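[1] Need a 3D model of the sequence below.
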Amino acid sequence: MGFRDKITRRIPIPRWLHSVQHELPFVVCTVCDGRLATSGLFTIMKSFRGEECIFEMAICAKCAEAEMDKWSTASRKAARDFRAARREHQDGDGCETCGADLGTVRGVAVHAHCRAGQLLAVTHMCTTCEEALHERLSPKTREENDRFMRTHFPQPPWMYETPTPEPVLVSGPSTP
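    Reported below is the predicted structural model:
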């Protein structure tokens, strides 16, 4: 099935692609807070470990393009080459880069491409391939990705602290 066939077979965005946090369909872009129903194309990104959603966001096409423009030229080429080398798995039910059975992998990253409440196409990549792709990115791009996450998904300050390098001894109850 070609991309044009996928576009003409639009279906409503399924419940499993709704926001777990809000228990509703995504309404606004995570980056610009623009309404997704009126912004044209947008992408829902989710990461799963087993059945549990551990990360989710929706981003409009304009913001996604602006974020991709921040990637280094070397990283964009590395990502294109990584995906191109593994295209034979794109029409299967497994990971679209390595073909692994999604029911047996550590985790899955899902990108659902949507417009006006309709699902156009879904891509998925196992955690192992996602990590392999990340390793090919330049340090500049990795820093940019880290900045994006800190900006849009802030964590408590202690999450950014470096752990103490010395071991901490924990003793049991003293005996009389």
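[2] all strands of this structure, in order?
    Under the criterion DSSP state E, strands of the chain are mapped to 11-12, 41-49, 52-60, 108-115, 118-126.
[3] Just put the ones you listed in TSV and tack on distance to R80, mean pLDDT and mean neighbour count.
    For glycine as for every other residue, the C-beta is placed from the backbone atoms N, C-alpha and C. Formatted as TSV, those follow (distance: least, Cβ to Cβ, whole Å; pLDDT from 0 to 100; neighbours: other Cβ atoms under 10 Å):
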stretch	distance to R80	mean pLDDT	mean neighbour count
strand 11-12	29	90	10
strand 41-49	17	94	19
strand 52-60	20	93	17
strand 108-115	16	93	19
strand 118-126	14	90	18
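[4] Mind listing the residues bridging to the spatially most central residue of the chain?
    For the chain, the residue nearest the mean C-alpha position is M45 (4.6 Å; Cα atoms, centre = their mean). Beta-bridge pairing for M45 (DSSP bridges): M57, H111.
[5] Would you agree it is in contact with H113?
    No. When contacts are counted by Cβ atoms under 8 Å, M45 is not listed as touching H113 (10.4 Å).
[6] Now do the longest helix along the chain: which elements does it pack against?
    Longest helix of the chain, by residue count under DSSP state H: helix 139-152. On a contact count with 3 or more Cβ pairs under 8 Å, 6 or more residues apart in numbering; DSSP states H and E, helix 139-152 meets helix 73-84.
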